[in-house]
Structure formats: C-alpha cells, structure tokens
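1. What follows is a predicted protein model with its sequence.
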Amino acid sequence: MPTVQLGAVDYAILVGYFAFVLGIGWALRRTVKNSEDFFLSGRSIPTWIAGLAFLSAYLGAQEVIAWRPRAPSTA
C-alpha cells in the first residue's frame with residue numbers, strides 16, 4: 001500500500017481549516033446560551049435547509065452501511 005506524503009501546503013490547509021472552524025465557534029459563543037439554542041438554532045432554520053441536512057445525514061449513514069471492503073486482487 002502506498003504511503004501519503006504531506007507537504008507544507010497540505011499542513012497549511014489543515015491549520016487554516018481548524019482555525020476557521022474554531023473561529024466560528026469563538027465568534028458564536030455569545031449567541032448560544034443553552035442546548036436548545038445549539039440544537040434548534042432558535043427555531044429559525046427554514047424547512048428546506050433542515051430537510052437537506054436530514055437527507056445528507058441519512059444518505060451518509062446509508063453509504064457507510066452499504067460499504068464493504070473489496071477482496072484483494074489475485075490477478
């Protein structure tokens with residue numbers, strides 16, 4: 001199995017991504033007061049966005065359930 005070599009650009013992308021995600025959390029820490037705010041977003045999300053989120057979570061779970069490793073090739 002080949003190994004993956006990460007370069008400086010790859011590490012910069014990873015650090016940038018984590019900084020971005022943590023920055024969003026830091027910026028929104030004042031607006032989320034309790035678990036209802038976190039999970040329901042103040043009931044302000046439109047139905048179609050909630051539906052897309054549900055569909056993507058459902059399809060992701062189905063993909064994991066249906067995934068099976070392939071047997072090594074003997075050819």
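-> On my side now, so go ahead.
2. Can I get the helix or strand of the chain with the lowest mean pLDDT as CSV, trimmed to CA atoms?
-> When the helices and strands of the chain are scored by mean pLDDT, DSSP states H and E, helix 35-40 comes last with a mean of 78. C-alpha atoms of helix 35-40 as CSV (Å, rounded to 0.1, in the frame of the first residue of the first chain):
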residue,chain,number,x,y,z
SER,A,35,-28.6,23.4,24.5
GLU,A,36,-31.9,24.5,22.8
ASP,A,37,-30.1,27.3,21.0
PHE,A,38,-27.4,24.9,19.9
PHE,A,39,-29.6,22.1,18.6
LEU,A,40,-32.6,24.1,17.4
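3. Which residues belonging to it are considered buried?
-> Going by neighbour count (16 or more other C-beta atoms under 10 Å), nothing in helix 35-40 comes out as buried. For glycine as for every other residue, the C-beta is placed from the backbone atoms N, C-alpha and C.
4. What lies in contact with it?
-> For helix 35-40, contacts defined as C-beta atoms under 8 Å, 6 or more residues apart in numbering pick out 31, 32, 42.
5. continuing past it, what's the next helix or strand?
-> Next helix or strand after helix 35-40 toward the C-terminus (DSSP states H and E): helix 47-66.
6. sorry, back to before: between the contacts of helix 35-40, which is closest to residue 4?
-> Ranked by distance to residue 4 (C-beta to C-beta), the contacts of helix 35-40 are led by residue 32 at 36.6 Å.
7. Now the phi/psi pair for residue 6, please.
-> Here the main-chain torsion angles of residue 6 (degrees, to the nearest 10) amount to phi -90, psi 140.
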